[in-house]
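Student: Return atomic coordinates for the entry below.
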Amino acid sequence: MNYKEKITGYEFILSETQFITSQGKEFFLSENYSCEELNIQYENQEIFLNFVRKNPEKTDSLKNYLMYIKNIKNTTEKIYYSHMLDDTELFEIKEFCYYSGKIRELIYDEMKFISPHNLEDVYKLLDPDGNGINTFYIFDSYDEELSEIRKQIRKKSDDENLKLKETEKENEIREKITKKLKTEYLNIAESFSKISYIDVLQAKTFLALKYELTKPVFSQNSDIIDIKKFFNPEIKDNLEKSGKKYQKTDICIKKGVTLFTGANMTGKTVVLKTLYLIDKMIKKAFFVPAGKCIFPFFENSFLITGDEQNYLKGLSSFAAEMKEINEILKHKAEEKNLILLDEIGRTTNPTEGKAIVHAVASLLNESDSFSLITTHFDAENIKEFAKITVKGIKEDAENTENIENIIDYSIIKDNGLTDKKQAVKIMKIMNLDKNLIEYTVNYLKGGKNNYEQ
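Tutor: Coordinates of the predicted model:
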């Protein structure tokens, strides 16, 4: 698991995605969709979601049948290469055909596009007596000569020659069955793939229902990110478990560079991580954590936060950050990227830090990408980039240690009037050491021009 996937909440999403079969998870991990293919995936998932809502009893039965679907990938490969199957493998195919048939009966009328093939003839081949027992055996009815040999063995149980003939005849029958199965290989393999896909759809659907996720609207030509009531599921889940509330918020940014200002502790980093999470989820055809989501299809997504610096061995935090930014700039000419930079330049002196922010923003603004850069540096005099900010501390805020209760996390257009230097106010609300607050205020009153909040 990639470290960025952990810190953004994508690892949490994967842990909450409940596959019933191992092959369903394998299918999911192999998914890699183009923009056009994603549109089809979302249509399929919407159809499946409607099926689940309309058919709770059928859905329960479907999930129950999926529990009996074993991974027959190796067995189907043996069929393809005409390698004789043993009785255990033949039973695997028989059992698969049985439950595949049950799944087909449940969903065929409403979801023909993912229904497995009709494998009734294959099942009959493996159940020649039609007794429907949940096992496989080389039945007497497969061959009259075999039946006669077994009758003789029952009379002469110690006759080794008869036993050898029985074994030879059984293997001959297994070879014939395997050859017949090869004529049905495509139907068996495609049915197995479809059922694996059904498991992926059910896992994503129940995740969407649990966390109230939404189908995104996206295209390669979109020139806007417009998300209403978006949230980070992992953070929301953790807050609610501790009895706290999570404030969902809206964001709207256009192609080019947007500077994201606001006081510290107002959730700017969480916004960046959640945008990265949404992009990751879209690439895997998940519904997303929002009430409404218009999102471009990005070729690449980049996220730089302060979290990674300990994982880049042998480099200072500043050098590590600059190295990552340099890699991003190499990709800036590519079609369309999502670039999320958190407080770049914060690990060097304020004067150079501000210059770095301006330089990076200017270079990224020349590309076709969407770049959102959080900064605590004064951006009021920078006119060439769009700017947004967090509303910040509520006007009626009272003293508390729970900062989230007194902050309005709404994202608004930065008109230059919002107070972004709210550290002292937060220190007072948190009832921190009075001397610490007094020294800080006195320093500010001293007119230190190089002071940066």
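
Student: how's this structure carved up into domains?
Tutor: 3-204, 219-419 (automatic domain parsing).

Student: can you tell which of those is closest to Leu444?
Tutor: domain 219-419 (13.3 Å; Cβ to Cβ). Just so you know, the C-beta spots here come from the backbone N, C-alpha and C atoms, and that holds for glycine as well.

Student: now the strands for the stretch 1-150 of the chain?
Tutor: Per DSSP state E, counting those that start in this stretch, the stretch 1-150 of the chain carries no strands over any range.

Student: So, low pLDDT: which residues of it?
Tutor: For the stretch 1-150 of the chain, residues meeting the criterion pLDDT under 70 lie at 1.

Student: Go again with 80.
Tutor: For the stretch 1-150 of the chain, applying pLDDT under 80 flags the ranges 1-3.

Student: pretty sure Lys182 is touching Lys78, no?
Tutor: No. Between Lys182 and Lys78 there is no contact under Cβ atoms under 8 Å: 9.9 Å.

Student: if we can go back for a sec, make JSON lines out of the domains of the chain and add distance to Glu212.
Tutor: Shown next, in JSON lines, are the domains of the chain (distance: least, Cβ to Cβ, whole Å):
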{"stretch": "domain 3-204", "distance to Glu212": "12"}
{"stretch": "domain 219-419", "distance to Glu212": "8"}
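
Student: what's the closest of those to Glu438?
Tutor: Among these, the nearest to Glu438 by Cβ to Cβ is domain 219-419 (16.8 Å).

Student: any chance of the domains of the chain in CSV, plus distance to Gly446 and mean neighbour count?
Tutor: Below are the domains of the chain laid out as CSV (distance: least, Cβ to Cβ, whole Å; neighbours: other Cβ atoms under 10 Å):
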stretch, distance to Gly446, mean neighbour count
domain 3-204, 38, 16
domain 219-419, 16, 18
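
Student: wait, which of those is closest to Lys445?
Tutor: Among these, domain 219-419 sits nearest to Lys445 (Cβ to Cβ), with 16.6 Å.

Student: coming back round to it: closest to Ile429 out of the domains of the chain?
Tutor: It's domain 219-419; of these, that one is closest to Ile429 (Cβ to Cβ) at 5.5 Å.

Student: CA atoms only for stretch 169-185, dumped as CSV, please.
Tutor: Provided in CSV are the C-alpha atoms of stretch 169-185 (Å, rounded to 0.1, in the frame of the first residue of the first chain):
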residue,chain,number,x,y,z
LYS,A,169,-11.1,-47.0,-17.4
GLU,A,170,-11.8,-44.2,-14.9
ASN,A,171,-8.9,-42.2,-16.3
GLU,A,172,-10.1,-42.8,-19.8
ILE,A,173,-13.5,-41.4,-18.8
ARG,A,174,-11.8,-38.4,-17.1
GLU,A,175,-10.0,-37.7,-20.3
LYS,A,176,-13.2,-37.8,-22.3
ILE,A,177,-15.0,-35.5,-19.8
THR,A,178,-12.1,-33.0,-19.9
LYS,A,179,-12.2,-33.0,-23.7
LYS,A,180,-15.9,-32.2,-23.6
LEU,A,181,-15.4,-29.5,-21.0
LYS,A,182,-12.9,-27.9,-23.4
THR,A,183,-15.7,-27.3,-25.9
GLU,A,184,-17.4,-25.3,-23.1
TYR,A,185,-14.2,-23.6,-21.9
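
Student: before we move on, back to that, closest to Lys425 out of the domains of the chain?
Tutor: domain 219-419 (5.8 Å).

Student: Just the terminal-to-terminal distance for stretch 2-19.
Tutor: 21 Å (Cα to Cα, to the nearest Å).

Student: My guess is Phe218 contacts Val288. True?
Tutor: No. Shown here, Phe218 and Val288 do not form a contact pair, counting by Cβ under 8 Å, at 9.6 Å.

Student: which residues do those two both contact?
Tutor: Listed as contacting both Phe218 and Val288 by Cβ atoms under 8 Å, 6 or more residues apart in numbering are 282, 295.

Student: partners of the helix or strand containing Gly392 in the sheet?
Tutor: Per DSSP states H and E, Gly392 falls inside strand 386-393. Next to strand 386-393 in the sheet, as set by DSSP bridges, lie strand 256-261 (parallel), strand 407-413 (antiparallel).

Student: would you turn those strands into TSV with distance to Tyr443 and mean pLDDT?
Tutor: What follows is the strands paired with strand 386-393, written out as TSV (distance: least, Cβ to Cβ, whole Å; pLDDT from 0 to 100):
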stretch	distance to Tyr443	mean pLDDT
strand 256-261	22	93
strand 407-413	24	90
